[in-house]
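> structure of the sequence below:
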Amino acid sequence: MGDTGQVNARVSSAEELLSLAEALEQEAAARYRSLAARMSRQGDAEMAAQFESFAKMEDGHAEHIAERGLSLFNRRLDATRVKWETPPTFDEDEARGPS
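Just a heads-up that it's a prediction; the model follows:
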């Protein structure tokens with residue numbers, strides 16, 4: 001994502017747009033699961049459960065998009081072909097926060 005929160009990716013078709021949307025939902029689910037695991041390691045089961053719930057919602061969104069793509073294009077979308085750039089100022093360790 002860019003500094004404005006926008007994804008730096010070129011989209012030239014409806015199929016690419018849906019592929020990007022599916023990839024973003026999958027990324028969100030993975031990040032929520034990472035947060036859930038972190039909360040679990042820190043002993044906060046309630047917060048871990050909340051983040052896992054968010055991850056499941058994102059999984060549902062991704063599946064809905066995938067189903068839409070299948071109905072429109074008669075094949076599964078390929079979210080793996082979507083590429084976006086991480087901002088040059090992105091510091092993964094800083095984004096993680098204190099351990």
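> mind listing what the residue nearest to residue 79 when sequence neighbours are not counted touches?
Nearest residue to residue 79, sequence neighbours excluded (CB to CB, 6 or more residues apart in numbering): residue 23, at 4.0 Å. Yep, even glycine has a C-beta here, placed from its N, CA and C like the rest. Counting by CB atoms under 8 Å, 6 or more residues apart in numbering, residue 23 touches 79-80, 82.
> same check on residue 56?
residue 29.
> quick check, central residue of the chain?
When CA atoms, centre = their mean is applied to the chain, the residue found nearest the centroid is residue 27 (2.0 Å).
> just the buried ones from the contacts of residue 23, in PyMOL syntax?
For the buried members of these, the matching PyMOL selection, counting by 16 or more other CB atoms under 10 Å, is:
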select buried, resi 79+82
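> now, the contacts of residue 23 that are in helices?
Among those, DSSP state H puts none in helices.
> could you dump the contacts of residue 23 to CSV with distance to residue 12?
Shown next, in CSV, are the contacts of residue 23 (distance: CB to CB, whole Å):
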residue, distance to residue 12
79, 16
80, 17
82, 12
